[in-house]
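Visitor: okay, sequence plus prediction incoming.
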Amino acid sequence: MYAVVDNGGHQYKVKVGDVFRIEKIKAEQGSVIDLKPVLVVQDDKVLTGADAEQKTVKAEVLGVVKGEKVTVFKYKPKKNYRKKQGHRQKYTELKILSID
């Protein structure tokens, strides 16, 4: 069984036991959250729309992790202008507990 959930403008295909990252949310480590909205659920048959919205996906918050570093380098030719900047996005790591 799998489900497609929407979070932060991204869609994730998940099944029970999966560990994945979403953009950082305010949740305590070890807490259980519901992922809404559920777009698609596939078991014996595929559920979409209002039928899928009635389903719930429960996930446990494993913690906050940092993504890979992105380097931004700006320069203007012939003007001796150079600017180097780095960024690491924070993500919340989740483990899917159940799809009901």
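Guide: Perfect, thanks for sending it. These numbers come from a predicted model, not from an experiment.

Visitor: residue with max distance from the center of the chain?
Guide: Most distant residue from the mean C-alpha position of the chain: Lys78, 42.5 Å away (CA atoms, centre = their mean).

Visitor: what about that one, distance to Leu47?
Guide: Distance, Lys78 to Leu47, using CB to CB, to the nearest Å: 61 Å. For the C-beta atoms, the positions are set from N, CA and C on the backbone; glycine is no exception.

Visitor: confirm that the residue farthest from the centre of the chain sits in a helix.
Guide: No: assessed with DSSP: H, G, I helix; E, B strand; the rest coil, Lys78 is coil; it does not lie in a helix.

Visitor: quick one, what contacts it?
Guide: Residues in contact with Lys78 (CB atoms under 8 Å, 6 or more residues apart in numbering): none are found.

Visitor: could you report the pLDDT at it?
Guide: Confidence at Lys78, expressed as pLDDT, is 97.

Visitor: any idea how far the spatially most central residue of the chain lies from Asn7?
Guide: The centroid of the chain falls nearest to Ile22 when counting by CA atoms, centre = their mean (2.0 Å). Per CB to CB, Ile22 is found 5 Å from Asn7.

Visitor: Ile25 now?
Guide: For Ile25, the distance to Asn7 - CB to CB - is 8 Å.
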